[in-house]
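[1] Quick one, fold the following:
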Amino acid sequence: MVDLTLGFGDLIAILALGISIYALRNTSKLNVLLLQKEVHIIKSAKKANLNGSLDNIGGHDYRFTVWNDGESKFPLEVLEPNGRIELIASVHMETPRKQPIHITWTDEHSDKNEKIVYATI
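    Numbers count the residues shown, from 1 in each chain. Okay, the predicted model is just below:
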């Protein structure tokens, strides 16, 4: 006859197997989360982050400055990371103090990126 009694060693082995299975499942969930985080970091590295400001450079002369805080190039031909460009801005007496400026661009991250910057006079 076959003896089917469980000894103390058998219980420890079953407990160890249960802990291993639990750890294996949690490890696979952790791997999925780490992979998602890496994909997000890679996508973020391909994105330009444009900002802008309206600056008074003396008297009635204003410049609208656009700069790239992102890690990717911005096609202006190319606006490098931390690069900037100044555009001539015209301001008159009836210009509102706060101007919404809509910036749209295409980069490696997306074909349609957009941001609204509120320039204050």
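[2] Name the surrounding residues that touch stretch 87-106.
    Stretch 87-106 has contacts (CB atoms under 8 Å, 6 or more residues apart in numbering) with 48, 50, 52, 54, 60, 62-66, 74-75, 112-121. C-beta coordinates here come from the backbone N, C-alpha and C atoms, glycine included.
[3] Which of those residues fall within strands?
    50, 52, 54, 62-66, 113-120 (DSSP state E).
[4] could you flag which of the contacts of stretch 87-106 are buried?
    Ala48, Leu50, Gly52, Leu54, Tyr62, Phe64, Thr65, Val66, Phe74, Asn113, Val117, Ala119 (16 or more other CB atoms under 10 Å).
[5] thought the fifth one was touching Ala119?
    When you say that, I think you mean Tyr62. No. Judged on CB atoms under 8 Å, Tyr62 makes no contact with Ala119 at a distance of 9.3 Å.
[6] so what's in contact with the two at the same time?
    What both Tyr62 and Ala119 touch, as defined by CB under 8 Å, 6+ apart, is the set Leu54.
[7] Return the closest of the ones in strands among the contacts of stretch 87-106 with respect to Gly83.
    Relative to Gly83, the closest of the ones in strands among the contacts of stretch 87-106 is Val66; by CB to CB it sits at 9.4 Å.
[8] Alright, I will stop here.
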